[in-house]
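A.B. asks: What shape does this take:
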Amino acid sequence: MRGGSIAVDERRRRPPSAKRLAQHSLFEHIQQIDGEPWELEYLFAPLVPNSTGKKLIHIRRWKFDIACPALLLYVEVEGGMFGGGRHGGQPSVVRDLEKRNAAACLGWRGVHVTPTQVNHGQAIIIVRALLGLEAFQL
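C.D. replies: Just a heads-up that it's a prediction; the model follows:
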């Protein structure tokens with residue numbers, strides 16, 4: 001998905017979450033940076049042969065919130081960390097660690113930001129630092 005609307009989620013019939021709004025806002029800011037194209041919800045899981053060996057399939061449905069496949073860079077906007085969301089429980093944390101470790105083993109580098117960091121302009125500074133466009137600052 002290269003872009004897209006953030007209107008009401010038709011599957012759930014509710015307004016987009018703070019994470020989703022922040023994700024789209026950060027994506028729009030990243031698009032302003034010259035260079036390689038970035039994508040929303042980029043599927044990065046490794047490919048393996050299927051049972052017949054004739055077709056390659058993804059072994060997981062792992063996606064990065066925002067990714068630049070040409071540079072093997074990604075950004076994850078973390079949501080629900082403190083309010084019992086998807087990332088709140090132990091099984092979810094373990095799954096996220098598996099995803100991060102797999103990404104690292106496949107050569108990806110990335111950063112993890114919060115919606116608050118996006119809204120305060122800190123996330124785009126972090127992304128620019130990841131790209132080597134400015135010095136990293138806390």
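
A.B. asks: Was I right to think Ile57 contacts Leu47?
C.D. replies: Yes: contact status for Ile57 versus Leu47: in contact at 6.7 Å, counting by CB atoms under 8 Å. Using the backbone N, CA and C atoms, a C-beta is placed for each residue, glycine as well.

A.B. asks: what distance separates stretch 131-138 from the middle of the whole chain?
C.D. replies: In terms of CA atoms, centre = their mean, to the nearest Å, the centre of stretch 131-138 is found 19 Å from the chain centre.

A.B. asks: What lies in contact with stretch 95-104?
C.D. replies: Residues from elsewhere that reach stretch 95-104 (CB atoms under 8 Å, 6 or more residues apart in numbering): Phe44, Ala45, Pro46, Arg60, Trp62, Phe64, Tyr74, His87, Gly110.

A.B. asks: ok, the nearest residue to the third one once chain neighbours are set aside - how many residues close by?
C.D. replies: Counting by CB to CB, 6 or more residues apart in numbering, Ile59 is the residue found nearest to Pro46 once chain neighbours are left out, at 5.9 Å. Ile59 is surrounded by 11 other residues when neighbours are defined as other CB atoms under 10 Å.

A.B. asks: Ile59 and Trp108, how far apart?
C.D. replies: 16 Å (CB to CB, to the nearest Å).

A.B. asks: repeat for Tyr74
C.D. replies: Taking CB to CB, one finds Tyr74 at 6 Å from Trp108.

A.B. asks: what is in contact with the two at once?
C.D. replies: What both Tyr74 and Trp108 touch, as defined by CB under 8 Å, 6+ apart, is the set Phe44, Phe64, Ala67.

A.B. asks: so after the lowest-mean-pLDDT helix or strand in the chain, what's the next helix or strand?
C.D. replies: None of the helices or strands of the chain scores lower by mean pLDDT, DSSP states H and E than strand 56-58, at a mean of 77. Note on strand 56-58: by DSSP states H and E, the next helix or strand toward the C-terminus is strand 63-68.
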